[in-house]
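J.: Need coordinates for the below:
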Amino acid sequence: MKCFVTGASGFLGSNLVHELNRRGHKVRALLRPNASLKGLRGCDFEPFEGDVSDREKLLQGLKGCDWCFHVAASYHLWLPDYGPMYAANVDGTRNVLECAAQMSCSRIVYTSTVGCIGLPSPALLPLVPSTENTPVSEAQMRNPYKHSKWLAEQVALEFARKGYPILIVNPSAPVGPRDVKPTPTGGFILDFLRGQMPAYLDTGLNWVHVHDVVEGHILAAEKGRVGQRYILGNADGNWSMQEALRMLSEITGKPAPSMRVPYWLALAAAHLNESLSSLTKKAPKAPVAGVRMARYKMFFDPSKAIRELQLPQTPPRQALSEACDWFLENGYVPQHRR
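T.: Sure thing, here's the model as predicted:
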């Protein structure tokens with residue numbers, strides 16, 4: 001197949017291009033001007049300069065493509081102005097999906113997020129991981145990133161109801177190699193490796209290997225049901241932050257922080273950081289939106305994707321280990337530069 005990939009220079013996008021290569025597919029990669037190609041080293045792809053805001057360029061790029069993977073997104077938990085993020089995530093998604101359908105792509109896979117899925121009820125113990133059917137509403141999208149992705153997912157669902165060949169994938173917390181920027185989950189691992197994590201919040205994530213996530217994208221195109229959502233996570237990856245830190249300690253031999261920060265204190269510090277950021281225009285280390293998200297354990301059940309797509313289930317420990325290796329081998333930790 002010939003595949004059009006947006007966001008090809010990002011963490012998920014670059015790993016997706018590598019996996020498409022491995023499976024023998026041809027790739028046309030949508031790249032913004034001056035995009036870093038570090039994650040795409042060793043890939044065979046046709047670069048196509050453009051942006052999700054430019055419909056004419058999108059139509060040109062999608063010409064002759066069989067599958068479209070819309071991975072690009074603006075992911076920020078704090079910005080001085082959220083307008084450009086909404087434009088990229090909502091209007092950009094509408095542009096890509098409409099253009100892909102107009103150019104007769106047989107499968108269009110939209111990359112959403114588990115942030116658009118309802119969270120486990122904290123009143124039920126033990127927590128029951130959320131599925132694609134866990135109730136959720138727009139009112140629960142309490143930060144601009146989640147809200148913009150929610151609105152984009154509604155666009156995708158609306159187009160699917162109109163007959164567009166769209167499938168939606170909702171990755172949980174991917175980790176692994178080629179996290180160039182890095183993402184917030186990669187940043188968590190980097191802070192640990194650099195010894196810059198004196199304490200932690202009592203939260204939890206569903207950790208999944210990035211290779212499983214990108215394979216899930218391709219499997220969705222191959223065998224997914226049009227109009228369906230699929231959580232791309234790991235059935236054994238629902239770990240509290242303390243469990244994740246303990247595993248990182250086992251992998252690296254570095255001590256894990258033992259001090260847990262109370263939620264109220266973290267939130268107060270985040271508000272102070274954002275007040276300073278409003279003056280400096282520099283992103284805060286711990287934005288309010290991130291702390292508020294961390295109040296809940298984001299545990300998810302990927303059994304639908306395992307059952308219908310045969311989603312791989314690489315052990316989360318391996319995902320964390322390979323992420324650490326990649327950061328160390330690529331000079332992200334100064335004392336380990338090679």
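
J.: Can you give me the pLDDT of residue 319?
T.: Model confidence at residue 319, given as pLDDT, is 98.

J.: excluding its backbone neighbours, what's nearest residue 32?
T.: With sequence-adjacent residues excluded and distances taken as Cβ to Cβ, 6 or more residues apart in numbering, residue 32 is closest to residue 51, at 5.8 Å. The way it works is simple: take the backbone N, C-alpha and C, and place the C-beta from them, glycine included.

J.: And what about the one you found, helix, strand or coil?
T.: Following DSSP: H, G, I helix; E, B strand; the rest coil, we place residue 51 in the coil state.

J.: For burial, what's the neighbour tally of it?
T.: Residue 51 has 16 neighbouring residues, counting by other Cβ atoms under 10 Å.

J.: Also the one 3 residues further on?
T.: The burial metric for residue 54, expressed as a neighbour count using other Cβ under 10 Å, is 16.

J.: List the contacts of it.
T.: Counting by Cβ atoms under 8 Å, 6 or more residues apart in numbering, residue 54 touches residue 95.

J.: now do the one 10 residues further on
T.: For residue 64, the residues meeting the contact criterion (Cβ under 8 Å, 6+ apart) are residue 2.

J.: On the three-state scheme, it is what?
T.: Here residue 64 is coil, with the state taken from three-state DSSP.

J.: what about it, distance to residue 28?
T.: Remark: distance between residue 64 and residue 28 (Cβ to Cβ, to the nearest Å) = 8 Å.

J.: Identify the contacts common to these two.
T.: Common neighbours of residue 64 and residue 28 (Cβ under 8 Å, 6+ apart) are residue 2.

J.: re the thing from before, what sits against the residue nearest to residue 32?
T.: Residue 51 makes contact with 30, 32, 57, 92 under the criterion Cβ under 8 Å, 6+ apart.

J.: mind listing the strands for the stretch 51-200 of the chain?
T.: Taking DSSP state E, counting those that start in this stretch as the criterion, the stretch 51-200 of the chain contains strands spanning 67-70, 107-111, 166-171, 173-175, 199-200.

J.: should've said the stretch 201-338 of the chain
T.: 204-209, 229-232, 238-240, 259-260.

J.: As a markdown table, the strands of the stretch 51-200 of the chain with mean pLDDT and mean neighbour count would be great.
T.: Putting the strands of the stretch 51-200 of the chain into a markdown table (pLDDT from 0 to 100; neighbours: other Cβ atoms under 10 Å) gives the following:
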| stretch | mean pLDDT | mean neighbour count |
| --- | --- | --- |
| strand 67-70 | 98 | 28 |
| strand 107-111 | 98 | 27 |
| strand 166-171 | 98 | 25 |
| strand 173-175 | 98 | 27 |
| strand 199-200 | 89 | 16 |
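
J.: Tell me which of those strands sits nearest to residue 300.
T.: Proximity to residue 300 (Cβ to Cβ) singles out strand 166-171 among the strands of the stretch 51-200 of the chain, at 8.1 Å.

J.: Which elements pack onto that closest one?
T.: Contact analysis of strand 166-171 by 3 or more Cβ pairs under 8 Å, 6 or more residues apart in numbering; DSSP states H and E lists strand 107-111, helix 144-161, helix 210-223, strand 229-232 as its packing neighbours.

J.: quick one: residue 212 and residue 221, what's the gap?
T.: 15 Å.

J.: ok, now residue 82?
T.: Going from residue 82 to residue 221 by Cβ to Cβ gives 31 Å.

J.: Same check on residue 334?
T.: Distance check for residue 334 against residue 221: by Cβ to Cβ, it reads 41 Å.

J.: what sits against residue 196?
T.: Applying Cβ under 8 Å, 6+ apart, no residues qualify as near residue 196.

J.: Tell me, what's the model's pLDDT at it?
T.: Residue 196 carries a pLDDT score of 92 in this model.

J.: Also residue 123?
T.: For residue 123, the model assigns a pLDDT of 68.

J.: Show me what residue 6 bridges to in the sheet.
T.: Bridge pairing for residue 6 (DSSP bridges) gives the partners residue 70.

J.: What is the neighbour count of it?
T.: The number of residues near residue 6, taken as other Cβ under 10 Å, comes to 30.

J.: just residue 154 next, same as before
T.: Residue 154: 14 surrounding residues under other Cβ under 10 Å.

J.: Done for today, thanks.
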